[in-house]
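S.K.: got a predicted model here, sequence first, then my questions.
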Amino acid sequence: MRQRPGAPRREARGHLVAALVGSPVAPFELGVAHEVFGIDRSEYSDPWYRFRVIGAFGQTIPVSGGGGWSITTPYMLDDLAEADTILLPVWPDWDKPAPPELLDMLRDAHARGARLVSVCTGAFLLAQTGLLDGRRATTHWMYTDALAERHPAVEVDRDVLFVDAGDGLYTSAGTGAGIDLCLHIVRLDHGAEVANKVARRMVVPPQRDGGQAQFVDAPVPDHVSDDPIAATIDWAIAHIDEPMTVDQLARRAMLSPRSFARRFRAATGTTPMQWLLRQRVFHAQRLLETTDLPVERVAERCGFGTATALRVHFRRLVGTTPMSYRRTFGTGERRAQGGGPRAPPPPAQGGRQLPPPRAPPPPPRAGGPPGGPPNRGGGGAAPRGRFVISFPSFGPSLLY
């Protein structure tokens, strides 16, 4: 797209994340995307993401859930052509056919190398493109049966938080699982240390593995000291460099191995050894990013014992080798190269590299009404790169 005369100068830095929203929009899921990608966190990694809200059916988008408020964005469907990642934070009309033009635009975006990410019922829109056929995907547990029924070619996983299907396609369960997937995207792009810092700012767990169960039915203890599983987890993390078995962990929790395994899965959604293995790999990622230790020493500090064991598990879970990961995300490598943005690591499951950052879209042109055909233009009055939250009684009140 060419830039109109007099338009602001096009910014060339930062991977562009575009949240494509229907009408109405779910406030929590959109808010999560903005919190992770829309707030400037260049103190953690520079350049950080650029973020746009794109309305599929109009510039003023009502917010679901009551309250009579809405958001206004200057960005419309034509602006998808600029996006490096397209995020679908819930799709309101999941049980209706999407406009063919919209589906074509998503297919075209994927064909040029854009990453497509869905949260909750956004998976229904992604499934309608046919891109999920023959692949694993998930959605909110309340809608997994409907997704499997409407899209039998999709392999619906009902029990996980999110799925990396490869080839730049990602789906997550509902609400809080969107946080996990967004942090996973940050981890892929900027490394585990940066993702942990973002999680710390958001006051959320730094890592819940995508394979963890969506719904964990576990009683809340009256006091932390009453929970032997939590105390054992804390001890295991503090001694991550030591060899340990399920029997040893069970003895520490003063439970039989079978009772310990059952209660551990109820509390975390995974098995003790799967959890421990991933914690060791997470610790290895941080050491590879922040230290110059040889791989052999990293393996020892993470409890793998040998570099060979580290390489096997690291490649299986991260999709690349420890040394390739260090070259991409290590602070020593970045100092040697004079800083600058980090290139994405080689993706797992045959996925492809992301395209280089693109310039932001030009000012949008006038568009159509909410609920009508997909809106390809705009001429919005809101400032570029921002969206307005409006309450009927007060008018435009919050500008982002």
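M.R.: Received it, and whenever you're ready, just let me know what you need. Residues are numbered from 1 along each chain as shown.
S.K.: give me the residues contacting stretch 287-304.
M.R.: 191-193, 240-244, 280-281, 283-284, 305-307, 309-311, 313, 322-323, 325-326, 329-332 (Cβ atoms under 8 Å, 6 or more residues apart in numbering). For glycine as for every other residue, the C-beta is placed from the backbone atoms N, C-alpha and C.
S.K.: pull the helix or strand with minimum mean pLDDT from the protein.
M.R.: strand 395-399 (a mean of 42; mean pLDDT, DSSP states H and E).
S.K.: can you show me the helices along the stretch 151-300 of the chain?
M.R.: With DSSP state H, counting those that start in this stretch as the criterion, the stretch 151-300 of the chain has helices at 176-190, 192-202, 228-238, 246-252, 257-268, 272-290, 295-301.
S.K.: tell me the buried residues within the contacts of stretch 287-304.
M.R.: Buried subset of the contacts of stretch 287-304 (neighbour count, 16 or more other Cβ atoms under 10 Å): 191-193, 240, 244, 280-281, 283-284, 307, 310-311, 313, 322, 325-326, 329-331.
S.K.: highest average neighbour count across the helices of the stretch 151-300 of the chain?
M.R.: Greatest average neighbour count among the helices of the stretch 151-300 of the chain goes to helix 176-190 (a mean of 24), per mean count of other Cβ atoms under 10 Å.
S.K.: now the angle from that helix to helix 192-202?
M.R.: 140 degrees (axes from the mean of the first three to the mean of the last three Cα atoms, to 10 degrees).
S.K.: name the helices or strands packed onto helix 176-190?
M.R.: Packing partners of helix 176-190 (3 or more Cβ pairs under 8 Å, 6 or more residues apart in numbering; DSSP states H and E): helix 27-33, strand 115-119, strand 162-166, strand 169-172, helix 192-202.
S.K.: low-confidence bits of the stretch 201-350 of the chain, can you list those?
M.R.: Scanning the stretch 201-350 of the chain for pLDDT under 70 picks out the ranges 206-226, 332-350.
S.K.: can you do 80?
M.R.: Counting by pLDDT under 80, the stretch 201-350 of the chain has low-confidence residues at 205-226, 269, 331-350.
S.K.: which residues are contacting stretch 113-120?
M.R.: Contacts with stretch 113-120, where a contact means Cβ under 8 Å, 6+ apart, come from 26, 29, 32-33, 83-91, 106, 109-110, 125-126, 131, 139-140, 143, 168-175, 177-178, 181-182, 185, 352-355.
S.K.: select only the buried ones of those residues in PyMOL?
M.R.: Buried members of these, defined by 16+ other Cβ under 10 Å, are picked up in PyMOL with:
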select buried, resi 26+29+32+33+83+84+85+86+87+88+89+90+91+106+109+110+125+126+131+139+140+143+168+169+170+171+172+173+174+177+178+181+182+185+354
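S.K.: chain center to the helix or strand hosting Val53, what's the gap?
M.R.: Using DSSP states H and E, Val53 sits within strand 50-55. From the chain centre to the centre of strand 50-55 is a distance of 16 Å (Cα atoms, centre = their mean, to the nearest Å).
S.K.: and the next helix or strand past that strand?
M.R.: strand 60-62.
S.K.: just to revisit the earlier point, mind putting the helices of the stretch 151-300 of the chain into JSON lines with distance to Ser45?
M.R.: What follows is the helices of the stretch 151-300 of the chain, written out as JSON lines (distance: least, Cβ to Cβ, whole Å):
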{"stretch": "helix 176-190", "distance to Ser45": "4"}
{"stretch": "helix 192-202", "distance to Ser45": "5"}
{"stretch": "helix 228-238", "distance to Ser45": "25"}
{"stretch": "helix 246-252", "distance to Ser45": "35"}
{"stretch": "helix 257-268", "distance to Ser45": "29"}
{"stretch": "helix 272-290", "distance to Ser45": "11"}
{"stretch": "helix 295-301", "distance to Ser45": "22"}
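S.K.: nearest to Leu147, of those?
M.R.: helix 176-190 (14.4 Å; Cβ to Cβ).
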